[in-house]
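Undergrad: fold the following.
(3 chains)
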Amino acid sequence: MGYVAVKGGQEAILASSELSRYYRVRHAATSLDVDILPSQMRFLVDRVMSEAGFYGPDHAALALKQAQGDIYEAAFLLRAYRSTVPRNHVSLPLDTKEMRLIRRVSSAFRDIPGGQILGPTFDYAHRLLQFDLRDEPPQAIAQVLKRVEDHHAAEEAGDQGVFPRVSDFLREEGLMAPPNPGLDEEEPFDITRLKLTFPAPRSARLQTMARGETGAMVALAYSSMRGYGAIHPTIGELRVGYCALILPYPLEEGEALYVGELLITEVEAINGFAHTKPGEPVQLILGYGASFGQNEVKSIAMSILDRALDVIGKEPAHDEEYVLSHIDSIESTGFVSHLKLPHYVTFQSELDRLRQTRQTPSADAEEGNR
Amino acid sequence: MKSPYNFAYLDEGSKKEVRRAVLKAVAIPGFQVPFGSRELPIGRGWGTGGLQLTLSLIGPTDRIKVIDQGDDDSVNAVSIRNLVVATAHIETTDMSDQATIIQSRHRIPDEPLRPGQILILQVPQPEPLRPVEPRERETRRMHAERDYSAVWLGLYEDIVRFGQITTGADYPAVVHHRYMIKPTPIPRWDLPKLHQAPFLTLFGAGRERKIYAIPPYTDVEPVAFEDYGFETEKFPVACGLCGSREAYLDEVLGAVGQDRTYQCSDTAYCRKRRDQMEKGNI
Amino acid sequence: MINPVSHEEPLLRVDNLGKRYGTGCPWCDVDEAEDRHCVYCGSVWGCRHIDLEVFSGEILGIVGESGSGKTSLLRCLYFDELPTQGSARLYPYHEGTVNIFEASSQDRRAIRNRFMGMVYQNPLMGLRMAFSSSGNVAEKLIAANWFHVGSMQKRATDLLSVMEIPLSRIHDAPSTFSGGMQQRVQIARALANHPPLLLLDEITSGLDLSVQARVLDLIRRIQREWHIGMIVVSHDLGVIRLLTDRTVVMKDGKIVEQGLTDQILQDPQHAFTQMLVHSLL
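TA: Now for the predicted structure:
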């Protein structure tokens, strides 16, 4: 290795790194056990995976530990890691119809085939801070585990039941348009390989939102619901569950391999009706949202935006370029943070202009107009 | 120090993509070529475009210089240089004349660069029309139709309101009489260096996913009017350390009650001059 | 200052112009089809079978009610929309031998900048509200390759003062002006490059009567002094009577009558024109 200029900057970085580590461990006797995060902080792990566009609960947990809980840092770590991992296979499309459900609700209908399954959710919990959660002795944990597992074993008598999609019913009745596979495209657009152009192909739009930053998307969807936009939908179905990941077997045509399962949230929202084809009767329009992990509010926001982006209007939620350009967390936080970098050369240039301007009499100054 | 990563971090496929974009950019001076920008271990907005260019172009015999605001020792320059060295093990230098590739944020070195050297500039916002037109679809059409009047209008308004053009750094320029570019937030001082330069300049915007280029010996003309020309910054004094009047200076605020001082922004240039002064060469 | 286009051909000739909104289908695509709405594909013809001419130095009026298609027609002429069929030839562009709708996008922009000026009903569409009035005029000059600030300021100031904009306000943004004043800035901007053809779309609608009168006076004065051709679109027969030499009457997307303005007002032939004339206050 040749000569490297090592001066103040280098030392500052090393010291900063050491201090970061110090801040992480100074109040703890033991190091955070990464293995507990995917269960005890599961929504955090799910959110990080979702915004990184990388499904790996253990990696996400490690990233969170390294980032000391900073969601943006953790998502960034995962995204950067993803950049280095080779792409060896392409799976078959996930079949969410065959999802091993843990939760499934519909707001559009009172009851649906298979039933409304609340599952693990805070939706109807009372938001009362439980101070006794501070100390959770192992017996208490064991009791909960036993109760639920016994109950589950008692109920189970074979498979989990059949859960046809609400949207499929509507389609059978002709009330909802069949899914549009996307006019000319066969291969989905790959946003990690190509620069997004506008108008964006639907696959590009869905990909960008699937790994979009939750806060940005929720704010935009909220604005649309509140009146800065026209979309206020009904949730046809919200599903959370495990989808099988299946790879086509490379050595034999038509064969496939089950590799594992992913926790997926899927939302199908119904947004009013319109003419999908001229001359045909009106049909319900679907908005689609999906993400890695249990990320319900983000998926609902995505389903709203999916529809909002098709509607012509002046509000931000209807502007495809505006929405898709500003919801990626790595990009938005990166650029906003970059303001912390030195900008003194450019600022010097601005000062030069300011000083010049103050010396130069301008047309307006002479006319006393301002 | 064996690295688990490929030489220069990026996989060969990614490097090829960047190089193809560079070739196209050099073939169409000033045209913004879209490319599939990869995520890197440093943040978006912190130099990933410039870094992808550097990583795709360096070979084992290259020697790089990395500066930020003209300073090799600036924290961000150190960080970028460390990343390159950690995955490419090549030599580094702070002497402009000894580098084969210079990656820089916001400055072109004051020491003149030679044919064969490559200058790589980090770009935050590549689109000169963005201040007047937020939509990419529209700006692409405007470039295709050479519809740049809105930029001149902005300068006209400055003159009408303030009596002069008030754009500081990142001053728009027309390359090869065709495409208008933003030259990155380099000060106006540096812009004339790009005109008919003997070296190649590459511009990388990672977050915005664009690469553009000024090939050697290309005309680069700052946007201006016949009666309101392009002006560079002026400094009241010479560099307090080396006495140069030919370098861009940083204003350094003194303690309360003390005067401001000025010193070279290009730290390597300044140090070289001081060394030569000591040896009695100046 | 003046565009003395001394030739016998019309400044503008429009042949069989039509604009359809919708996909069209075999049923309605046939040239003889008369209906405005197609029951099979849902398409609507904004305007259809439009033939007209404008000569230098004359003002042609286009009158019709809302929805008659007159704005559709004007938008096509100014390239805000592309027509579905038909041609238009402008004498300054290749001496009228080339259909302007087949021109390249670069040529179309040049035509818009140098040969045509457009004044919209809504000033928001024709002005950049964030820039000064002087800047609004200068932008057209810049697009025509002017590079001298002093000259541009002079031309802008001259035009704005012809439009009776006070000198003290020319550096102000039009967002701070009244409706009538905004229209006058728009006219100045449209005239920046002294185009031979000026298009005016309902420019006095929504203005007070006294303000309307002032704007119309200015238009007449420009036309007298500069001898440019104009198309004035209005639903107000009073405006048509005041300004125009010849008139075209539109209803449901088609021309139902055309001729000298005086004749049409005195002796309207078509039932619709008769109704319009009789409702003239």
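Undergrad: quick one, helices of the stretch 101-250 of chain B?
TA: B:136-144, B:149-162 (DSSP state H, counting those that start in this stretch).
Undergrad: what's the longest one packed up against?
TA: Applying 3 or more C-beta pairs under 8 Å, 6 or more residues apart in numbering or on different chains; DSSP states H and E, we find helix B:149-162 packed against helix A:363-367, helix C:133-143, helix C:149-162. Glycine gets a C-beta too; all of them are placed from N, C-alpha and C.
Undergrad: same list, the ones you listed, but as CSV with distance to A:L354 and mean pLDDT please.
TA: As requested, the helices and strands packed on helix B:149-162 are exported to CSV (distance: least, C-beta to C-beta, whole Å; pLDDT from 0 to 100):
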stretch, distance to A:L354, mean pLDDT
helix A:363-367, 15, 44
helix C:133-143, 22, 95
helix C:149-162, 21, 94
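Undergrad: out of these, which is the most enclosed?
TA: helix C:133-143 (a mean of 26; mean count of other C-beta atoms under 10 Å in any protein chain shown).
Undergrad: quick check: angle from the helix-or-strand element of chain C with minimal mean pLDDT to helix C:149-162?
TA: Within chain C, confidence by mean pLDDT, DSSP states H and E is lowest for helix C:209-226 among all helices and strands, at a mean of 86. Angle of helix C:209-226 versus helix C:149-162, following axes from the mean of the first three to the mean of the last three C-alpha atoms, to 10 degrees, is 120 degrees.
Undergrad: which residues sit against the helix or strand that comes right after helix C:209-226?
TA: Sequence-wise, the next helix or strand downstream of helix C:209-226 (DSSP states H and E) is strand C:229-234. Strand C:229-234 is contacted from outside by C:11-12, C:54-63, C:70-71, C:73-74, C:77, C:196-202, C:204-205, C:219, C:223, C:239-240, C:243-244, using C-beta atoms under 8 Å, 6 or more residues apart in numbering or on different chains.
Undergrad: those residues, buried ones only, as a ChimeraX selection?
TA: To isolate the buried members of the contacts of strand C:229-234 in ChimeraX, using 16 or more other C-beta atoms under 10 Å in any protein chain shown:
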select /C:11,12,54,55,56,57,58,59,60,61,62,63,70,71,73,74,77,196,197,198,199,200,201,202,204,219,223,239,240,243,244
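Undergrad: narrow the contacts of strand C:229-234 to those in helices?
TA: Among the contacts of strand C:229-234, the ones falling in helices (DSSP state H) are C:K70, C:T71, C:L73, C:L74, C:L77, C:I219, C:Q223, C:V239, C:I240, C:L243.
Undergrad: strands of the stretch 151-282 of chain B, start to end?
TA: B:173-175, B:179-181, B:200-205, B:210-214, B:220-222, B:249-252, B:261-264 (DSSP state E, counting those that start in this stretch).
Undergrad: let me see the contact set for residue 79.
TA: Answering for chain A, as no chain was given. A:R79 touches A:A52, A:G53, A:F54, A:I330, B:E39, counting by C-beta under 8 Å, 6+ apart.
Undergrad: actually, chain B is the one I wanted.
TA: B:S79 touches A:I13, B:I42, counting by C-beta under 8 Å, 6+ apart.
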